[in-house]
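Asks: sequence and predicted structure, then a few things I'm wondering about:
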Amino acid sequence: MAKNQHAKPAAGPPAWRLWVRILAWAAVLAATVWTARALQHHLLADPRFVMAGVPPDGQNAPDFVIAGAVYTSRDRVLEVFGDDFGKNIFRIPIAERRRRLLAIDWVADASVSRLWPNRLIVRIRERTPVAFVKLAADPLRPKAARPALIDGDGVILQQPEKGQFSFPVLNGVSEKQPEAERKARVARMQQVLREIASLPRPLRLSEVDVGSRDIRVSAEVDDREVELILGDRDFASRVQTFLAHYPEIHKRTPQFTIFDLRLNKSIIARDTERSE
């Protein structure tokens, strides 16, 4: 009778081969680290990668270019990179510089790119204003105001030195309000503008007040400034009704400049002394 024989397990590779592999990988890793450090030292020490000084006023230097900035303050952009001029571009913390650029009011988005050998390009996408706003200039003088602009996200923008804009003045917003609240109020204004723009005879608004539930607008009708109380809905139909009857209204009550349109089938004329 045959005896049971157990197969012997196959022998693995000798231990010295394993150690050879480990040492080989360690050598490769050490060489990679040494090469990376040597390259880093070369990049940081080579004068070819040093950015020149602050560019002249109103100009782009060959090695520092600002692209896309029309209304963004150039001085504020230069302030972000103030510590970087005359230094190696590989020492510039790109992510941090972009974060600071996004804190500038007119900047909606920005990118910072290094170009060989010592160029830095700043690309800016600016915000789009949709209205003027009046901001308090001095807490001790609440009636004094300074002009500014506002975009669709409710971000308040400093009025630039150059550029002309044709927007209505948006009342009912302030710097103290949360940005989300300002955004909602801007959206209400834009709804009013869209509805009125759809009329056969569009009405050009000079002011829109969204400070309360009942929206008020100011406009010029037949060479006369009037204020219309529109309420909170049916803006286009109410304005259309007003324009259709205005010649007769003006003939009967030429002294009135404020008109309450909140009742769809009625127009109530008010004088300035008894306005709400």
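Replies: Okay, I see it.
Asks: tell me where the stretch 101-250 of the chain has helices.
Replies: With helices called from DSSP state H, counting those that start in this stretch, the stretch 101-250 of the chain shows them at 179-197, 235-252.
Asks: distance from the first one to the middle of the chain?
Replies: Pointing back at helix 179-197 there. 17 Å (CA atoms, centre = their mean, to the nearest Å).
Asks: what about the stretch 1-150 of the chain, any weak spots by pLDDT?
Replies: Scanning the stretch 1-150 of the chain for pLDDT under 70 picks out the ranges 1-14, 16, 20, 24, 27-28, 30-47, 53-61, 137-144.
Asks: lowest average pLDDT across the helices of the stretch 101-250 of the chain?
Replies: Here those differ in mean pLDDT, and the lowest is helix 235-252 at a mean of 93.
Asks: any idea which of the helices of the stretch 101-250 of the chain is most buried?
Replies: helix 179-197 (a mean of 17; mean count of other CB atoms under 10 Å). C-beta coordinates here come from the backbone N, C-alpha and C atoms, glycine included.
Asks: that older thread, mind putting the helices of the stretch 101-250 of the chain into JSON lines with distance to V122?
Replies: Listed next are the helices of the stretch 101-250 of the chain as JSON lines, based on distance: least, CB to CB, whole Å:
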{"stretch": "helix 179-197", "distance to V122": "25"}
{"stretch": "helix 235-252", "distance to V122": "42"}
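Asks: so which of those comes closest to D209?
Replies: helix 179-197 (9.1 Å; CB to CB).
Asks: hey, what's the angle from that closest one to helix 235-252? Just curious.
Replies: 60 degrees (axes from the mean of the first three to the mean of the last three CA atoms, to 10 degrees).
Asks: residues contacting helix 179-197, please?
Replies: 130-131, 150-156, 168, 170, 172-173, 177, 202-203, 205, 208, 210, 215, 217, 230, 235-236, 239 (CB atoms under 8 Å, 6 or more residues apart in numbering).
Asks: kindly recompute the last result at 6 Å.
Replies: 152-154, 170, 172-173, 203, 208, 210, 215, 235-236, 239 (CB atoms under 6 Å, 6 or more residues apart in numbering).
Asks: where's the dip in pLDDT among the residues you listed?
Replies: pLDDT across these is lowest for L203, at 89.
Asks: unless I'm mixing things up, that one is touching A219, no?
Replies: Yes. With contact defined as CB atoms under 6 Å, L203 reaches A219; the gap is 5.0 Å.
Asks: now do the strands in the stretch 51-200 of the chain.
Replies: In the stretch 51-200 of the chain, the segments counted as strands under DSSP state E, counting those that start in this stretch are 64-67, 107-115, 119-126, 129-138, 141-151, 156-157, 169-171.
Asks: which one of those strands lies closest to I249?
Replies: Of all the strands of the stretch 51-200 of the chain, it is strand 169-171 that lies closest to I249, at 24.6 Å by CB to CB.
Asks: name the helices or strands packed onto the closest one?
Replies: Other helices and strands packing on strand 169-171, by 3 or more CB pairs under 6 Å, 6 or more residues apart in numbering; DSSP states H and E, are strand 129-138, strand 205-209.
Asks: deepest of these, which one?
Replies: Most buried among these, given mean count of other CB under 10 Å as the contact rule, is strand 205-209, at a mean of 19.
Asks: tell me which strands that one pairs with, and in which orientation.
Replies: strand 169-171 (parallel), strand 215-220 (antiparallel) (DSSP bridges).
Asks: which residues touch the shortest one?
Replies: What that stands for is strand 169-171. Contacts of strand 169-171 (CB under 6 Å, 6+ apart): 131-133, 189, 207-209, 211.
Asks: for the last one, same thing?
Replies: With CB under 6 Å, 6+ apart as the test, strand 215-220 has contacts from 192, 203, 205-209, 227-230.
Asks: redo that, cut-off 8 Å
Replies: Contacts for strand 215-220 (CB under 8 Å, 6+ apart): 168, 188, 192, 196, 203-209, 225-232, 235.
Asks: in it, what's buried?
Replies: The neighbour-count check on strand 215-220 (16 or more other CB atoms under 10 Å) flags 215-219 as buried.
Asks: what's the answer for the first one, then?
Replies: By neighbour count, with 16+ other CB under 10 Å as the criterion, the buried positions of strand 169-171 are 170-171.
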